[in-house]
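Trainee: no FASTA, just this:
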């Protein structure tokens, strides 16, 4: 049995929130993915049309609003992982290892080049 984590508790909370409202009926894979994308776009709205200086100031003064949008994105990720049976912690660990292989420090450090061009 897997050890309970804070991520597991967050997942249970968002699933309970959804289930109490009987919204699972609307949460098919397509609509979950659309919702995730829409919330990610709302994160982008915070930065649209701002200069680097304005962005720095905005992050300083509106961190809570940005955090709310990031929480919405994260909640959709948790719901999708729950519904699809994906262990996100394991998936993240695997992805980090894959990226370490694609982007070895000695080739990628300080460069933004795609791994196929390193």
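Mentor: Alright, I've got the coordinates. Being a predicted model, the structure only gives us computed values, none of them experimental.

Trainee: Please make it C-alpha for all contacts and neighbour counts, starting now.
Mentor: Fine.

Trainee: all strands for this structure, in order.
Mentor: Taking DSSP state E, the chain contains no strands at all.

Trainee: quick one, helices of it?
Mentor: Using DSSP state H, the helices of the chain run over 6-20, 29-45, 52-61, 63-84, 88-102, 105-108.

Trainee: Of the ones you listed, flag the one that's most buried.
Mentor: helix 63-84 (a mean of 16; mean count of other Cα atoms under 10 Å).

Trainee: related to what we said a few turns ago, looking at the helices of the chain, which is closest to residue 115?
Mentor: With Cα to Cα as the criterion, residue 115 lies closest to helix 88-102 of the helices of the chain, at 5.6 Å.

Trainee: Quick one: mean pLDDT over that closest one.
Mentor: Averaged over helix 88-102, pLDDT sits at 96.

Trainee: Report back the residue of the chain that's furthest from centre.
Mentor: Most distant from the centre of the chain: residue 106, at 28.1 Å, with distances by Cα atoms, centre = their mean.

Trainee: Would you mind measuring from that residue to residue 116?
Mentor: 15 Å (Cα to Cα, to the nearest Å).

Trainee: same deal with residue 42?
Mentor: From residue 42 to residue 116 the distance is 31 Å (Cα to Cα).

Trainee: Please apply the same query to residue 26.
Mentor: In terms of Cα to Cα, residue 26 sits 40 Å off from residue 116.

Trainee: ok, the two, which is more surrounded?
Mentor: Neighbour count, other Cα atoms under 10 Å: between residue 26 and residue 116, residue 26 has more, with 10 against 7.

Trainee: list the contacts for the spatially most central residue of the chain?
Mentor: Taking Cα atoms, centre = their mean, the centroid of the chain lies closest to residue 74, which sits 4.7 Å from it. For residue 74, the contact set (Cα atoms under 8 Å, 6 or more residues apart in numbering) is empty.

Trainee: pLDDT at it, what is it?
Mentor: Looking at residue 74, the pLDDT reads 98.
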